[in-house]
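Participant: okay, here's the prediction I keep looking at, along with the sequence it came from:
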Amino acid sequence: MKYDLLIIVQAAADLKHALLLCEKHDGKKIHLCIIHVELIYEFVKQLPLKNIDIDFHPYVQFNIRNPFSYSIVKNKLSIIWKTYFKPNVYGKVYFFSRFYDWFSASLIGYLHRETGAEIIYYDHYDDASIKSINIDRKISIELIKHKFIALVVSYISNVEFVYQYKFKSLEFNYLKYNISKFSPNYKVYVNEKFQYKIKENSNKVILFYLSKNEIVMLTESAKKIVIKSLLSLKKLDYVLILKGHPRTGFPKELVRYFDSIVPNYLPSEFICYKNIFLTIGIVSAALCFPAQLDYKVFSLINALDFKHENNKMDYYNYLMQLSDNKILFVSKDWLKDL
């Protein structure tokens, strides 16, 4: 098959940018490839897209403690390339992140070596996410461990991975492969025809972004504060909507405190915020999009105790940067701020 574009979607946050590329190349033949998160694939299949072939590829997992698995996975990646991608001809290829995703990087490596496709790294969040992270040069057990993992992943994927940043421990060295980089200097919005509208008929709707992982990070007393806050909001007649993470889902133990649930697979950028009074979360990056649009957004980082308090500042800086400093980090008596 001959395609004008191959667009590799590596995370939910990439999707609005991928759809913008599809709109800009309307009428062209496009291969839209969703990596790792099957729920995003299910969501995309429901969208009114024309002349676009959509497929999904899960990660091929390996065990870092089992060296025999390295060659097995390396071979599986080769088979995936030969079966699903090598038979095609691509004009341009877009991918969105250089961190962690060795599966996509492996495909990029094959495309670089075996095709004449123009490969473009569309960086809409990577550089912003490392602004506050220093390069880790201090010799330590952790440094040695991460460098070893980078070597293993380099072997498996057939492209070079490096370790530089403490909280971004796997980094594809795209500069080595004649890949051009594009960073949009404008805001990208989702076409209204793709937006999910919350059907609650109320002017007191509060949308909560809560994932399983976030609740696990909290102390037991902090979890009780979250539940107490939800009960207080219900008494004040607020309509509470829960949205979980596209991959890890929502904390099931909190479901009973909410009036309805937004599908996990739905990226935050695809929600219509016009009728939402307030959006609340803890450390979710999903808070950043409505904040950037100047909707009212609270983070509870400062209102809750974490099991590992030293992580708080990293999350705080991360959200501040990605939201253009527009998220309000409320205190323990945040209900008074409503």
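Facilitator: Everything's here; your move. Not measured: the values here are computed from a predicted model.

Participant: from here on, just use CA atoms for contacts and neighbour counts.
Facilitator: Noted.

Participant: can you show me the strands along the stretch 101-250 of the chain?
Facilitator: 118-122, 161-162, 171-172, 180-182, 205-209, 239-243 (DSSP state E, counting those that start in this stretch).

Participant: which outside residues touch the last one?
Facilitator: Meaning strand 239-243. 200, 202, 204-211, 234, 250, 255, 257-264 (CA atoms under 8 Å, 6 or more residues apart in numbering).

Participant: export the strands of the stretch 101-250 of the chain to JSON lines and append columns for distance to residue 335.
Facilitator: Below are the strands of the stretch 101-250 of the chain laid out as JSON lines (distance: least, CA to CA, whole Å):
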{"stretch": "strand 118-122", "distance to residue 335": "40"}
{"stretch": "strand 161-162", "distance to residue 335": "45"}
{"stretch": "strand 171-172", "distance to residue 335": "41"}
{"stretch": "strand 180-182", "distance to residue 335": "42"}
{"stretch": "strand 205-209", "distance to residue 335": "12"}
{"stretch": "strand 239-243", "distance to residue 335": "14"}
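
Participant: follow-up on the earlier one: so which of the contacts of strand 239-243 are in helices?
Facilitator: residue 234 (DSSP state H).

Participant: residue ranges with poor pLDDT in the stretch 151-300 of the chain?
Facilitator: Residue ranges of the stretch 151-300 of the chain with pLDDT under 70: 165-168.

Participant: what do you get if the cut-off is 90, keeping everything else the same?
Facilitator: 162-171, 178, 185-203, 245-249, 263-270, 275, 289, 292-293 (pLDDT under 90).

Participant: tell me where it has helices.
Facilitator: 212-217, 220-235, 288-292 (DSSP state H, counting those that start in this stretch).

Participant: could you report the neighbour count for the residue nearest to residue 47 when sequence neighbours are not counted?
Facilitator: The shortest distance from residue 47 to any non-neighbouring residue, by CA to CA, 6 or more residues apart in numbering, is to residue 194 (6.7 Å). Residues lying near residue 194 (other CA atoms under 10 Å) number 18.

Participant: same deal with the one 3 residues further on?
Facilitator: The number of residues packed near residue 197 is 15, by other CA under 10 Å.

Participant: for residue 186, same thing?
Facilitator: Residue 186, neighbours per other CA under 10 Å, totals 7.

Participant: and what of residue 139?
Facilitator: 8.

Participant: look at it and report its pLDDT.
Facilitator: Note for residue 139: predicted pLDDT of 71.

Participant: coming back round to it: tell me the buried residues within the contacts of strand 239-243.
Facilitator: 204-211, 250, 257-258, 260-264 (16 or more other CA atoms under 10 Å).

Participant: specify which member of these is nearest to residue 116.
Facilitator: Within the buried ones among the contacts of strand 239-243, the smallest distance to residue 116 is 37.7 Å, found for residue 264 (CA to CA).

Participant: I'd say the closest one and residue 270 touch.
Facilitator: No - counting by CA atoms under 8 Å, residue 264 does not reach residue 270; the two are 11.8 Å apart.

Participant: ok, the closest residue to residue 326 other than its chain neighbours - how many residues close by?
Facilitator: Leaving aside its sequence neighbours, residue 326 sits nearest to residue 291 (CA to CA, 6+ apart; 5.5 Å). Look at residue 291: counted by other CA under 10 Å, it has 20 neighbours.

Participant: and the residue nearest to residue 47, what does it touch?
Facilitator: 47, 48, 270.

Participant: now the residues you listed as JSON lines including distance to residue 76?
Facilitator: Below are these laid out as JSON lines (distance: CA to CA, whole Å):
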{"residue": "47", "distance to residue 76": "31"}
{"residue": "48", "distance to residue 76": "33"}
{"residue": "270", "distance to residue 76": "34"}
